[in-house]
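[1] fold the following and give me the result.
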Amino acid sequence: MSKEVPSLTISLGADAITARLRAAQGLEDSLHRLSIGFRSARHHSSLTVDVDVDDLLLNLVHLADWPHPRVVWDPDLAKLVRDVSKDSQTLGERLHEEPSSSATSAVENLSDLLGSNWIGPLTTFQQRDISKLLSLQHGANFSVPGAGKTRVGLAIFQALQNSGEVERLLIIGPKSSYEAWQSENVECFEKPLRMQILSSSIAPDTEALLVNYERIKGALNLLARWLTTRPSMLILDEAHRMKLGADGVYGSACMALGPRARRRLILTGTPAPNGAKDLENLLGFVWPGHGRRAVSQAVAGGNLAHASRVLRPLFTRTTKSELGLPPVTVTQRQLELPPLHAEIYEALIGLYSARAAASKDDFEALGRILVYLLMAAISPALLKVGTTRYEPLAYQVPPLPIPEGSPLTELMRDLPSYELSPKYRETLAIVAGNATAPEPRKTLVWSTFIRSVNTLESILKEFNPAVVHGSSENREEEIARFRDDPDCMVLISNPATLGEGISLHHSCHDAVYVDRDFAAGRFLQSLDRIHRLGLDPHTETRITVLTSLGTIDEVVNQRLETKLQFMGRILDDPSVQQLADLDEEPAVGGGLDQEDLQAFMGHLRAGTT
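    Residues are numbered from 1 along each chain as shown. Model (predicted):
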């Protein structure tokens with residue numbers, strides 16, 4: 001074979017999350033033997049094989065078995081391999097090192113690294129996190145909301161820009177995060193970065209580019225070119241949004257952009273909302289190959305305390321105890337269903353268990369059934385479509401007597417005329433108690449479903465409620481009214497809309513969860529809207545979770561407890577574990593995975609025995 005022709009070419013695929021191995025003519029057998037060493041190998045022809053980048057990086061040793069000279073690597077992929085190898089060596093050494101003074105030295109040098117343009121004050125824990133992350137090629141900051149992860153990210157970029165390692169910063173996050181990045185940019189730099197939100201084009205002098213997760217897939221080529229034209233840093237804010245990794249729309253787009261950035265950093269306070277797989281995908285983005293393997297090996301033995309110690313070199317985390325926040329009180333109020341509500345719920349269980357048995361392999365169909373039962377645990381009437389999709393339920397006060405002999409479907413439709421949902425009654429009692437207390441307290445009310453939010457607006461109208469959901473056009477005005485108007489005593493929203501990127505802790509210290517789904521990360525993120533840095537040390541923060549007894553609510557509670565226990569242990573954060581164990585309190589008035597489904601199916605089966 002001529003020395004001018006590569007025997008094997010290894011390049012990044014078009015999606016940048018696969019690698020393509022292309023052998024020279026006549027080397028079909030050698031390529032076949034090589035591909036056996038890669039679990040994800042997919043043959044396009046006898047001379048071409050695609051392999052997941054993670055799989056390639058985990059099993060580079062197999063390339064040593066290639067018996068022919070002249071292997072040519074794609075430059076970007078070769079750099080990724082070098083970076084991962086360097087990080088693997090550094091992290092491997094750190095696992096066996098005793099704590100030293102190196103971190104202290106780095107903190108003392110931080111002002112020199114940041115330079116005179118940096119004017120933002122830094123707390124002790126922020127300095128610690130910056131120093132650790134700068135010591136790694138790439139990093140992960142899992143600090144709780146309110147710990148200043150945005151400022152830490154900007155400081156790391158500033159230090160790297162001063163050193164000449166990077167010139168540009170791409171920030172991917174939810175739209176709700178834009179305000180924090182823009183305000184921190186002004187507060188932290190004497191001369192702020194030239195920051196732009198992605199539009200149809202990017203200004204040539206842009207230093208920092210903001211884009212939301214929903215846009216990255218459609219703008220992938222534009223963003224990839226921008227990252228590679230000049231050395232760049234890529235930050236994923238609220239990185240749990242891409243926890244599905246290459247299997248999700250957001251995750252696959254982020255994984256495609258990752259190798260094109262010289263430095264990668266992820267920020268999230270909830271890195272493992274559904275368990276180890278989420279953490280594998282997040283760290284797999286930061287350190288392709290090594291990150292995923294480190295997590296799977298660490299948790300394999302089931303000892304989460306050991307796993308936490310092993311994984312500590314891979315991330316930084318500031319806990320709520322380090323922030324000096326006063327404790328939060330989380331209680332559960334268990335509510336008995338009234339007779340007609342209970343009868344209808346039991347009938348729905350029978351109906352949906354039959355449908356679920358027929359759809360046991362249809363994840364999407366089971367998800368819809370789950371949503372129906374979550375709604376039915378609030379009020380089965382939410383399932384009956386009104387004149388409009390989100391029409392609020394019209395409750396009869398006082399309720400009418402239940403007519404005998406009426407079909408159950410009619411009773412379900414007319415249920416608000418006969419019974420008030422115990423969850424709505426309890427919410428009304430809590431909000432009224434807070435609003436009329438000697439020292440009135442505002443209340444944040446969470447409910448997943450827009451029709452439920454609209455119903456609550458009607459029930460709580462005497463407290464001048466502010467309402468924000470995905471279809472709200474005046475979101476900022478409603479939030480400002482809740483914060484500033486003394487007559488507005490309640491804000492009603494859903495965690496999918498306001499669960500991230502908003503601070504309400506200066507105006508509100510009480511929250512009620514009318515319902516919850518299986519998304520542990522969403523619960524934690526929404527809870528932190530009113531419990532974050534800046535609280536007065538004497539503030540009492542109270543969270544109340546409403547549970548309808550004998551319903552899907554009990555399954556949700558059990559699954560969230562399991563997930564929060566895992567996350568608290570893997571992060572060595574007792575405050576997260578504490579949230580898994582809800583105290584019960586007497587009444588006074590969704591993120592689905594396979595284990596969630598198993599628990600859900602158990603609930604359906606139990607309801608038909």
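[2] the protein - how does it break down into domains?
    8-73, 82-318, 328-606 (automatic domain parsing).
[3] I'd like those domains laid out as CSV, including mean neighbour count.
    Glycine gets a C-beta too; all of them are placed from N, C-alpha and C. Shown next, in CSV, are these (neighbours: other Cβ atoms under 10 Å):
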stretch, mean neighbour count
domain 8-73, 17
domain 82-318, 19
domain 328-606, 18
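[4] could you dump these into a markdown table with mean pLDDT added?
    Below are those laid out as a markdown table (pLDDT from 0 to 100):
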| stretch | mean pLDDT |
| --- | --- |
| domain 8-73 | 89 |
| domain 82-318 | 84 |
| domain 328-606 | 82 |
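[5] Met412 and Tyr390, how far apart?
    18 Å (Cβ to Cβ, to the nearest Å).
[6] again, but for Leu415
    For Leu415, the distance to Tyr390 - Cβ to Cβ - is 18 Å.
[7] what sits up against stretch 427-442?
    443, 445, 456, 459-460, 463, 482, 488-491, 507-510, 512, 514, 544, 546, 588-589 (Cβ atoms under 8 Å, 6 or more residues apart in numbering).
[8] next step: these restricted to strands.
    Under the assignment DSSP state E, those contribute Thr443, Val445, Val490, Leu491, Asp510, Val512, Thr544, Leu546 to strands.
[9] farthest-apart pair in those residues, please.
    The most widely separated members of the ones in strands among the contacts of stretch 427-442, counting by Cβ to Cβ, are Leu491 and Leu546 (16.9 Å).
[10] the spatially most central residue of the chain and Glu4, how far apart?
    Compute the mean C-alpha point of the chain, and by Cα atoms, centre = their mean the closest residue is His240, 3.1 Å away. From His240 across to Glu4, the span is 49 Å (Cβ to Cβ).
[11] ditto for Arg215
    44 Å.
[12] with the ones in strands among the contacts of stretch 427-442 in mind, which one is nearest to Asp55?
    Leu546 (45.5 Å).
[13] in the sheet, who's paired with the closest one?
    Beta bridges link Leu546 to Arg333, judged by DSSP bridges.
[14] quick check: it touching Lys423?
    Yes: between Leu546 and Lys423 a contact is recorded at 4.9 Å, counting by Cβ atoms under 8 Å.
[15] common neighbours of these two, please.
    With Cβ under 8 Å, 6+ apart as the test, Leu546 and Lys423 both reach Leu335, Val514, Asp515.
[16] which residues touch the last one?
    Contact analysis of Asp515 by Cβ under 8 Å, 6+ apart lists Leu374, Ala377, Ile378, Lys423, Trp446, Ser447, Thr448, Phe449, Ser452, Leu546, Asp553.
[17] hey, what's the fifth one bridged with?
    According to DSSP bridges, the partner residues bridging Trp446 are Ser493, Tyr513.
[18] all strands for the stretch 101-250 of the chain, in order.
    139-141, 168-172, 195-197, 208-211, 232-237 (DSSP state E, counting those that start in this stretch).
[19] err, the stretch 251-400 of the chain, not the other one
    Under DSSP E, counting those that start in this stretch, the stretch 251-400 of the chain gives strands at 263-267, 328-335.
[20] need those in CSV (columns: distance to Leu223).
    Shown next, in CSV, are those (distance: least, Cβ to Cβ, whole Å):
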stretch, distance to Leu223
strand 263-267, 14
strand 328-335, 38
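[21] send me stretch 433-450 as PDB with only the CA atoms.
    Only the C-alpha atoms of stretch 433-450 are listed here, as PDB (Å, rounded to 0.1, in the frame of the first residue of the first chain):
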ATOM      1  CA  GLY A 433     -54.900  32.400  56.300                       C
ATOM      2  CA  ASN A 434     -51.600  34.000  55.100                       C
ATOM      3  CA  ALA A 435     -53.400  37.100  53.700                       C
ATOM      4  CA  THR A 436     -55.400  37.800  56.900                       C
ATOM      5  CA  ALA A 437     -52.600  37.000  59.400                       C
ATOM      6  CA  PRO A 438     -51.500  39.900  61.700                       C
ATOM      7  CA  GLU A 439     -48.400  40.100  59.500                       C
ATOM      8  CA  PRO A 440     -49.800  39.300  56.100                       C
ATOM      9  CA  ARG A 441     -47.800  36.900  53.900                       C
ATOM     10  CA  LYS A 442     -48.000  36.500  50.100                       C
ATOM     11  CA  THR A 443     -48.400  33.000  48.700                       C
ATOM     12  CA  LEU A 444     -47.000  31.400  45.600                       C
ATOM     13  CA  VAL A 445     -49.400  28.600  44.300                       C
ATOM     14  CA  TRP A 446     -48.100  26.000  41.800                       C
ATOM     15  CA  SER A 447     -50.300  23.800  39.600                       C
ATOM     16  CA  THR A 448     -49.100  22.000  36.500                       C
ATOM     17  CA  PHE A 449     -52.200  22.400  34.300                       C
ATOM     18  CA  ILE A 450     -53.300  25.700  32.800                       C
END
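[22] give me the distance from that stretch to the chain's centre.
    Stretch 433-450 sits 26 Å away from the centroid of its parent chain (Cα atoms, centre = their mean, to the nearest Å).
[23] same question for stretch 528-540.
    Using Cα atoms, centre = their mean, the offset of stretch 528-540 from its chain centre is 22 Å.
[24] go on, stretch 139-154?
    14 Å.
[25] ends of it, how far apart?
    13 Å (Cα to Cα, to the nearest Å).
[26] and what of stretch 334-341?
    End residues of stretch 334-341 are separated by 15 Å (Cα to Cα).
[27] ok, now stretch 381-388?
    14 Å.
[28] what lies in contact with stretch 306-324?
    91, 94-95, 125-126, 128-129, 132-133, 139-144, 146-147, 271, 283, 286-287, 291, 294-295, 297-299, 301, 531-533, 537, 569-575.
[29] among these, name the ones in helices.
    91, 94, 125-126, 128-129, 132-133, 283, 286, 291, 294-295, 297-299, 569-570, 574-575 (DSSP state H).
[30] using CSV, write out every CA atom in stretch 557-574.
    In CSV, the C-alpha atoms belonging to stretch 557-574 read as follows (Å, rounded to 0.1, in the frame of the first residue of the first chain):
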residue,chain,number,x,y,z
ASN,A,557,-44.5,11.4,46.2
GLN,A,558,-42.7,8.0,46.5
ARG,A,559,-40.8,8.4,43.2
LEU,A,560,-39.8,12.0,44.1
GLU,A,561,-38.5,10.8,47.4
THR,A,562,-36.3,8.1,45.7
LYS,A,563,-34.9,10.6,43.2
LEU,A,564,-34.2,13.3,45.8
GLN,A,565,-32.5,10.8,48.1
PHE,A,566,-30.3,9.8,45.2
MET,A,567,-29.4,13.3,44.2
GLY,A,568,-28.7,14.4,47.8
ARG,A,569,-26.4,11.5,48.4
ILE,A,570,-24.5,11.7,45.1
LEU,A,571,-24.0,15.4,45.7
ASP,A,572,-23.3,14.9,49.4
ASP,A,573,-26.0,17.5,50.2
PRO,A,574,-28.2,16.8,53.2
